[in-house]
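Colleague: just need the structure, nothing else, for what follows:
(2 chains)
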Protein chains: 2
Amino acid sequence: MTQYERLADEFQTLIRNGTLRVGDRLPSVRLTCARREISPSTVFQAYYLLESRGLVQARPRSGYFVAAQLGEGLRLPDTSQPQEQSQSVAVNDLVVEVLKLSRRPDVQPLGSAFPDPALFPLAKLGRSLGSAMRRLAPHKLVEDLATGHARLRQQIAQRAAADGLAVSADELVVTNGAMEALNLCLQAVTQPGDLVVVESPTFYASLQALERLQLRALELPTHPEEGIDLAALEQALATQPVKACWLMSSFQNPLGALMPEAKKQAIAELLARHEVPLVEDDVYGELYFGARKPRPIKAFDSAGWVLHCGSFSKSLAPGYRVGWAAAGRWSRAVERAKVMSSLSAAVPSQVAISDYLAQGGHDLHLRRLRQTLRQQRDVALAAIAQHFPPGTRVTRPEGGYLLWVALPGAIDTRALLPLALAEGLSFMPGALFSADQGFAHCLRLNYGAVGAELLREALARLGRLACQQLGTPPGA
Amino acid sequence: MTQYERLADEFQTLIRNGTLRVGDRLPSVRLTCARREISPSTVFQAYYLLESRGLVQARPRSGYFVAAQLGEGLRLPDTSQPQEQSQSVAVNDLVVEVLKLSRRPDVQPLGSAFPDPALFPLAKLGRSLGSAMRRLAPHKLVEDLATGHARLRQQIAQRAAADGLAVSADELVVTNGAMEALNLCLQAVTQPGDLVVVESPTFYASLQALERLQLRALELPTHPEEGIDLAALEQALATQPVKACWLMSSFQNPLGALMPEAKKQAIAELLARHEVPLVEDDVYGELYFGARKPRPIKAFDSAGWVLHCGSFSKSLAPGYRVGWAAAGRWSRAVERAKVMSSLSAAVPSQVAISDYLAQGGHDLHLRRLRQTLRQQRDVALAAIAQHFPPGTRVTRPEGGYLLWVALPGAIDTRALLPLALAEGLSFMPGALFSADQGFAHCLRLNYGAVGAELLREALARLGRLACQQLGTPPGA
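Modeller: Residues are numbered from 1 along each chain as shown, chains lettered A, B, ... in the order given. Predicted structure coming up:
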């Protein structure tokens, strides 16, 4: 962590614990420089970072002030406490069902795992698709099938390097979306019956993958902002026959948690020491609200124990189905598995994305996308604070477009879902995010699936429904 | 089988067994009508069919004559006699290696599994890609993800219906090429350790799929022209715990065998009686040289035991990665597995193919493609007859672009491959097509991978190499 990030985090703690309150003025840049013996630019960077996090606002010629926090009274959910024994996984058909229902045109798809496709540069991508395919020599359609389009692999490696993640183009295998990458990686490092560590709650796709491969899940306590509990992970590795981990270190699905870098580094070292591979799902990494892209655990892995999976589906090209794996010491095994299971990703999708990236402008698109998602997160938090039952807890993600809501009292969100669908919106019930279905009172919301106005209205309706079910007035 | 097909088959037998020789005149239409008590149009249809099979030639105002058969002296390989016990499968990395080497630009890729991409209407398809994506509403990129683009599924179902195969759009799941469809279907009907019937030789991808899913292969005797031995299949089903079959009933890879319809029907009935599912790989069905598209075993399956897999990769759009499964009673299970393993096929590829099909002209493209492939088959057979060692045996496929060569004497084609690569061509060694690697003296050739001239030259070089290795003069 840099000096300015440390400084920003200090102020953030002061704001969060109430030492600095809404409207308070931050110490002037000059004063802070003098007290800390640091340069003005470091202080400015720290204040910019706090501003980008929405914690402070600059007022011209007056300085920086603590901003009004939307949904400020909302509390975080507790760190999860999953059952201690491991689980055979059987996720029911509800996932498929909810995803289908979410596609009804009359339903606001807050249960979807995709952001609104209108947020993507689809016209530009479409032009790349047409022109790149016109220029493509026919034999290129059956070249590079297994590993993927050579230039695209280079571009992915170059972008990763710019963000502090060293992977070679040769280590990369392009896949049919990150979903396939994750499945191939998990299969490469496990045998049926093996024990695999996951977060609690965890993305239902990881549970489905475990089910498909006949693996057992060991769900570990997970903090809603900082991710999996390091001590619990350490103990599990020391005492149980863990064969692999599947984690999301940045903007975890469903919590939105972002592990601090120090924790990421500690996990990389811990896994290398125990020689346990990690399948790292990093599909939201580009959608950070902070000053720079958070590095994945893979960035701290020098010995090849991390199988890192990414995708363009969440940040550029939904439906194009282009993801990748940088599978460390398993990269040849994953390449072979890719040939055996589905041969290759679609060539038109790959060359279109490659052409689009070569034209420039992608980073500008990403900046706008992040800004939009961040604003919509704040809209969602404000709407939840206003309309959800008192005692509702919610995460406050620093990236991505998913947040996690824990409703108070005895309510099963699976029963709430049909009522919500009748009111024209969907969400993903919490029970799907654990093998023991221990999050019945929770739900995952996608705040990037529709625009701000529709989002506000949908959440007002959902809050009203939850209040009716619980027999309480609104106002989390 | 229709009356005219039966009549054509009778004449074909007479030609093949030498009763009718090259230059002999077939009985006149009038005479045949009178003798058989059938209509002139039935006789004409039979003669047209024989003509389309290249067995007879019409001479204006003279009648039909038995045609000179290219490579006429070439004998078929024997029906295979695989080991009787079942096999755990471990296909080595040679497949991946050969496929990689086949992509070297200085190598004529006769080892490839794809035809020459220049044979496809890529420009027209590219225009469909551009215009269909421009017209697509953004939300369509995340709709229909699991099952595939709704209109494309309808078009696939309609084309199947026109060929006598009744599948509903609802039964279809669009996949990332047929390879994924086959893998998902096989996984849907098996558990690790299960016994699965395959042909001998069989497509190496089926062996790889069995290996990946930890299944055991039971390879059954297979006739080079008529496919798997029905009696052997019947006995295996009666005496062994067979949990599934994986067969190619039309233009089998690598033999090119086409099962007669009566055998297809018998297999469908046999499997239904034993309640054993069949994964049917039908990727070459469109590439028939006969009068009409051969129906798959699925066409005779009324109880949903056949999981039928097809693709556009071999007949229209290589590299687009669009295939499908019509999985009978497992169609919902395959849909769920698709969501869990790779979510969906690429949307741009799907809408491009759908738009292309809607424009018309696909059947014309297919007619030309079949004609080209058929001519190239004859070029290959003639070159093999001229340049390969005496005693070489070869199949004479009635569709597709793969044929199977059995070299005489003690030769391992794996050792021949590096020599061939040094001479600028590849092939697929026979050892890859069996779990017990029992076809070391055989090889699979792709006669559609390069144009006629290059094909002739490459086969002359390969024949010379084989003769050198065996110490014989050329002339199969």
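Colleague: domains of chain A?
Modeller: Chain A breaks down into these domains under automatic domain parsing: A:3-66, A:87-118+A:364-470, A:121-359.
Colleague: and the first one, how far out from the chain's middle?
Modeller: Right, the one you point to is domain A:3-66. Distance of domain A:3-66 from the chain centroid (Cα atoms, centre = their mean, to the nearest Å) equals 27 Å.
Colleague: re earlier: dump the domains of chain A into TSV; add mean neighbour count, mean pLDDT and distance to B:Ala166 as well.
Modeller: From N, CA and C alone the C-beta is placed, and that goes for glycine too. Formatted as TSV, the domains of chain A follow (neighbours: other Cβ atoms under 10 Å in any protein chain shown; pLDDT from 0 to 100; distance: least, Cβ to Cβ, whole Å):
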stretch	mean neighbour count	mean pLDDT	distance to B:Ala166
domain A:3-66	16	84	59
domain A:87-118+A:364-470	20	90	25
domain A:121-359	22	94	27
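Colleague: could you dump these to JSON lines with distance to B:Thr19?
Modeller: Output for the domains of chain A, formatted as JSON lines (distance: least, Cβ to Cβ, whole Å):
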{"stretch": "domain A:3-66", "distance to B:Thr19": "88"}
{"stretch": "domain A:87-118+A:364-470", "distance to B:Thr19": "60"}
{"stretch": "domain A:121-359", "distance to B:Thr19": "44"}
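Colleague: okay, and the closest residue to chain B within the stretch 151-300 of chain A sits in which element?
Modeller: Nearest residue of the stretch 151-300 of chain A to chain B, counting by Cβ to the nearest Cβ: A:Glu180, 3.8 Å away. Assigned by DSSP states H and E, A:Glu180 belongs to helix A:177-188.
Colleague: what do you get for A:Leu307?
Modeller: strand A:306-311.
Colleague: name every sheet partner of that strand and say whether each one runs parallel or antiparallel.
Modeller: The strands that strand A:306-311 pairs with in its sheet are strand A:278-281 (parallel), strand A:323-326 (antiparallel) (by DSSP bridges).
Colleague: returning to that earlier point: ok, the residue of the stretch 151-300 of chain A closest to chain B - contacts?
Modeller: A:323, A:338, A:341-342, B:176, B:341-343 (Cβ atoms under 8 Å, 6 or more residues apart in numbering or on different chains).
Colleague: swap in A:Ala8?
Modeller: A:45-47, A:49-50, A:53.
Colleague: so when I look at A:Val198, I'm seeing a strand, right?
Modeller: Yes: counting by DSSP: H, G, I helix; E, B strand; the rest coil, A:Val198 is part of a strand.
Colleague: so what's it up against?
Modeller: Counting by Cβ under 8 Å, 6+ apart, A:Val198 has contacts A:206-207, A:210, A:217-220, A:245-247.
Colleague: and with 7 Å instead?
Modeller: A:206, A:217, A:219, A:246 (Cβ atoms under 7 Å, 6 or more residues apart in numbering or on different chains).
Colleague: okay if I get these as CSV plus secondary structure and distance to A:Ala58?
Modeller: CSV is the format used below for the contacts of A:Val198 (DSSP: H, G, I helix; E, B strand; the rest coil; distance: Cβ to Cβ, whole Å):
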residue, secondary structure, distance to A:Ala58
A:Ser206, helix, 41
A:Ala217, strand, 47
A:Glu219, strand, 43
A:Trp246, strand, 41
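Colleague: near chain B, list only the ones from the residues you listed.
Modeller: Among these, no residue sits close to chain B (Cβ under 7 Å from any Cβ of the partner chain).
Colleague: and of those residues, the nearest to B:Asp436?
Modeller: Of all the contacts of A:Val198, A:Trp246 has the smallest distance to B:Asp436: 37.1 Å, by Cβ to Cβ.
Colleague: wait, isn't the closest one in contact with A:Leu186?
Modeller: Yes: the criterion here is Cβ atoms under 7 Å, and A:Trp246 meets it with A:Leu186 at 6.5 Å.
Colleague: who touches both of these two?
Modeller: Common neighbours of A:Trp246 and A:Leu186 (Cβ under 7 Å, 6+ apart) are A:Val279.
Colleague: those strands in the stretch 101-250 of chain A, which residues are they?
Modeller: A:108-109, A:172-175, A:195-200, A:216-223, A:227-228, A:242-247 (DSSP state E, counting those that start in this stretch).
Colleague: need the next SSE after the longest helix along chain A, C-terminal direction.
Modeller: Ordering each helix of chain A by length in residues (DSSP state H) puts helix A:362-387 first. Note on helix A:362-387: by DSSP H and E, the next helix or strand toward the C-terminus is strand A:393-394.
Colleague: tell me which other helices or strands that next one touches.
Modeller: Counting contacts by 3 or more Cβ pairs under 7 Å, 6 or more residues apart in numbering or on different chains; DSSP states H and E, strand A:393-394 packs against strand A:402-406.
Colleague: need the residues of the stretch 101-250 of chain A near chain B, please.
Modeller: The stretch 101-250 of chain A comes close to chain B at residues A:103, A:114, A:117-118, A:122, A:126, A:129-130, A:133-134, A:138-139, A:141-143, A:146, A:176-177, A:179-180, A:183, A:192, A:208-209, A:212, as judged by Cβ under 7 Å from any Cβ.
Colleague: my guess is A:Val351 meets A:Gly148, correct?
Modeller: No: if you go by Cβ under 7 Å, A:Val351 and A:Gly148 don't touch, sitting 10.6 Å apart.
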